[in-house]
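Novice: Sequence and predicted structure are below.
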There are 2 protein chains.
Amino acid sequence: MTTNGHTNGASAEPSSRFDPNFTSHVIKTMGPDMTPRNRQVLSSLIRHLHDFAREVELTNDEWMAGVHFVNLIGQTSTKTRNEAHRISDVLGLESLVDEIANKIIAEGDLDPTSSSILGPFWSPDAPFRENGGTIIQDPNPEGRVCRMHGTITNLLTGKPIPGAVFDIWQASANGKYDFQDPENQTPNNLRGKFRADDNGRYWFYCYHPTAYSLPTDGPAYQLITLMDRHPMRPAHIHIMACLSLPPFSPLKARDSRTGAFTRAAVTHPDFKGCTTQLYPKDDPWLETDTVFAVKDDLVVDFKPIRGDDKATLELEYNVVLSPKGYKGKVF
Amino acid sequence: MTTNGHTNGASAEPSSRFDPNFTSHVIKTMGPDMTPRNRQVLSSLIRHLHDFAREVELTNDEWMAGVHFVNLIGQTSTKTRNEAHRISDVLGLESLVDEIANKIIAEGDLDPTSSSILGPFWSPDAPFRENGGTIIQDPNPEGRVCRMHGTITNLLTGKPIPGAVFDIWQASANGKYDFQDPENQTPNNLRGKFRADDNGRYWFYCYHPTAYSLPTDGPAYQLITLMDRHPMRPAHIHIMACLSLPPFSPLKARDSRTGAFTRAAVTHPDFKGCTTQLYPKDDPWLETDTVFAVKDDLVVDFKPIRGDDKATLELEYNVVLSPKGYKGKVF
């Protein structure tokens, strides 16, 4: 009760009419039996939440609108729809968490391939396919076939990584992934894993990607509308690259549909996997991606191809992986 | 895409490995067609959310745990259970919003009665009762009857406010409100509105209040447990005081069960109502109220009473109301 002294006199923050001790009191109420990390995270969360409310002088009506909005998020979510995930994407939080986890500024001239968000559509079930094969099981008449190829190299040595695995998934030309579109697509359409050859090279056929909109119902779209933003993601190809020389070690990764962590087949104890997305340089939504997942080195140039009767376009993309535990420049 | 320049060189915040422009880019993506207030609130919310994530270097697992927790909040809420409201109470947010809306530091010697949170149990349906009457419709053998009385006065003149209305609601001696406890309590048990007499005085019978616990299931209790806190509210009596001289004007107030705004019968255009709570001074939970709603001037002394065969205790509480629009000291 002593946190709200009923005095008209001095306070630690004389420039505010608010109790200067309220937030620290809430934080100090936490007991001794919690982990130091939980204490750190929740203390910071409470401090920022309170600072936000005081900064904007949040009104009772605004707070209650927020309460109802938070309830609506969970009420909109289902086993196959994670609205809280989408809300955090729209606010830039997943991209920021991805940067915090993965951002490395290398000490040498070469940088590792930038990470980007996994998003909600990765599947651990994508089959291994042979180099030179295709991920297009169910052709879409609008799809523009692309021969994609590149080399996977080691950041520190600059040498190729034989046997590295390149996992790719993408929406079809209608903007939908296989499990959003069971009428037109069979499971694992436009998904596949490829193993790099002895020179670290991979090659296969996919589609030039297609831009699509987030769902236009539910609280995430309400928030987008309130912010006078568009719901578009730029066209993109998802990739995940990791080393797969024996001994294999399971990679902990999230199941995109349930949010649960599951195990993919392929990684190596010595290399950090890279999950990211690639974007055509002429896409109109690059600057305003609704989930803020675009980075400069992920913007690529699809070129016309000659002499390949299976494709009209070509994309070369070389992936640079850093050894696990490599921190780069320390700040 | 230019928000994440892939350079090893200079940045606006050279001490961080994170993109210094990311947060401002997310904010600038908001379009022109939103109200200035929405822009202010959402910009501040995004900035604090990102600052929190960077400050604690929020991990992917922690973010995903948060995503699932947010979904669980809405999934736990029902028409009669508002879990997002409770979560914000446990984090101190409702008390802070209440302070922001109502805190006045007066220029004179007298201070207005401190506001405290409405909580989820107010009802617009409490009946008017006569001074000298009781709010105890359904006696509880553990209840200790108290004669409560006081005067409602004007902050600026110090004079009583005849006809002011004093609305009271409280849990029974089992810690439950009428609509939580239909087996033992009839509607409006321990609720009532009283109109002050010509001298601004009110008087009636109620119970000494009983401490109770928040529900011990659901995400709010999960959060309480994670923070190693107890779920107890100190014993308290809820009161709402407002002026009711004609012409009557409807008071906008929330329906506690639905969260919707509804209309109470009584207020006056010239006086601001006061919603608050009173706490016995010997309650063990005053310092650690799980919703942080205790303030010094709301802690009261229940005294033994003599010569009243209806009660064993007495409580005098005088309410000081400030005129609507009175701001007090300006900071």
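Specialist: Received it, and whenever you're ready, just let me know what you need. Numbering: from 1, shown residues only, chains lettered A, B, ... in the order given.

Novice: What ranges does chain A have for its strands?
Specialist: A:145-154, A:165-169, A:191-195, A:201-207, A:212-213, A:232-233, A:237-242, A:251-254, A:261-264, A:274-280, A:299-300, A:303-304, A:313-316, A:319-321 (DSSP state E).

Novice: A:Arg86 - nearest residue in space that isn't next to it in sequence?
Specialist: Distance criterion C-beta to C-beta, 6 or more residues apart in numbering or on different chains; nearest residue to A:Arg86, sequence neighbours excluded, is A:Ala220 at 4.2 Å. Just so you know, the C-beta spots here come from the backbone N, C-alpha and C atoms, and that holds for glycine as well.

Novice: swap in A:Leu42?
Specialist: That would be B:Met227: by C-beta to C-beta, 6+ apart, it lies 6.1 Å from A:Leu42.

Novice: Neighbours of whichever residue of the stretch 201-331 of chain A sits closest to chain B, how many?
Specialist: With C-beta to the nearest C-beta, the shortest gap between the stretch 201-331 of chain A and chain B falls at A:Asp228, namely 2.9 Å. Other residues within reach of A:Asp228, judged by other C-beta atoms under 10 Å in any protein chain shown, total 15.

Novice: Quick check, it in contact with B:Met30.
Specialist: Yes: counting by C-beta atoms under 8 Å, A:Asp228 touches B:Met30, with 6.0 Å between them.

Novice: Could I have the CA atoms of the longest helix anywhere in chain A written out in PDB?
Specialist: Scanning chain A for the longest helix, with DSSP state H as the assignment, gives helix A:36-56. Extracted in PDB, the C-alpha atoms of helix A:36-56 (Å, rounded to 0.1, in the frame of the first residue of the first chain):
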ATOM      1  CA  PRO A  36      16.800 -15.500 -13.200                       C
ATOM      2  CA  ARG A  37      15.800 -15.500 -16.900                       C
ATOM      3  CA  ASN A  38      12.100 -15.400 -16.200                       C
ATOM      4  CA  ARG A  39      12.600 -12.600 -13.800                       C
ATOM      5  CA  GLN A  40      14.600 -10.700 -16.400                       C
ATOM      6  CA  VAL A  41      12.100 -11.200 -19.200                       C
ATOM      7  CA  LEU A  42       9.000 -10.400 -17.100                       C
ATOM      8  CA  SER A  43      10.500  -7.400 -15.300                       C
ATOM      9  CA  SER A  44      11.400  -5.900 -18.700                       C
ATOM     10  CA  LEU A  45       7.900  -6.800 -20.100                       C
ATOM     11  CA  ILE A  46       6.100  -5.100 -17.200                       C
ATOM     12  CA  ARG A  47       8.400  -2.000 -17.300                       C
ATOM     13  CA  HIS A  48       7.800  -1.500 -21.000                       C
ATOM     14  CA  LEU A  49       4.100  -2.200 -20.700                       C
ATOM     15  CA  HIS A  50       3.800   0.500 -18.000                       C
ATOM     16  CA  ASP A  51       6.000   2.900 -19.800                       C
ATOM     17  CA  PHE A  52       3.800   2.500 -22.900                       C
ATOM     18  CA  ALA A  53       0.700   3.200 -20.900                       C
ATOM     19  CA  ARG A  54       2.100   6.300 -19.200                       C
ATOM     20  CA  GLU A  55       3.700   7.600 -22.300                       C
ATOM     21  CA  VAL A  56       0.500   7.700 -24.300                       C
END
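
Novice: now that helix, how far from the centre of its chain.
Specialist: Taking the mean of its C-alpha atoms, helix A:36-56 sits 24 Å from the chain's own mean (C-alpha atoms, centre = their mean, to the nearest Å).

Novice: Of all the residues in it, which ones are buried?
Specialist: Neighbour-count burial for helix A:36-56 flags A:39, A:41-56 (criterion: 16 or more other C-beta atoms under 10 Å in any protein chain shown).

Novice: Can you spell out which helices and strands pack onto that helix?
Specialist: Using 3 or more C-beta pairs under 8 Å, 6 or more residues apart in numbering or on different chains; DSSP states H and E, the elements in contact with helix A:36-56 are helix A:22-28, helix B:36-56, helix B:93-102.

Novice: circling back: I'd like to know which of the strands of chain A is closest to B:Met34.
Specialist: Between B:Met34 and those, the shortest gap by C-beta to C-beta is with strand A:232-233, which sits at 18.0 Å.

Novice: Residues of the stretch 151-300 of chain A that sit close to chain B?
Specialist: The stretch 151-300 of chain A has residues A:226-229, A:254, A:259, A:261, A:279, A:286-289, A:292, A:294-299 near chain B, with proximity defined as C-beta under 8 Å from any C-beta of the partner chain.

Novice: Return the subset of those residues lying in helices.
Specialist: Of the positions in these, A:Leu226 sit in helices, assigned by DSSP H.

Novice: Just the buried residues of the residues of the stretch 151-300 of chain A next to chain B.
Specialist: Counted by 16+ other C-beta under 10 Å, those give A:226-227, A:229, A:254, A:259, A:279, A:286, A:288-289, A:292, A:294-295, A:297-299 as buried.
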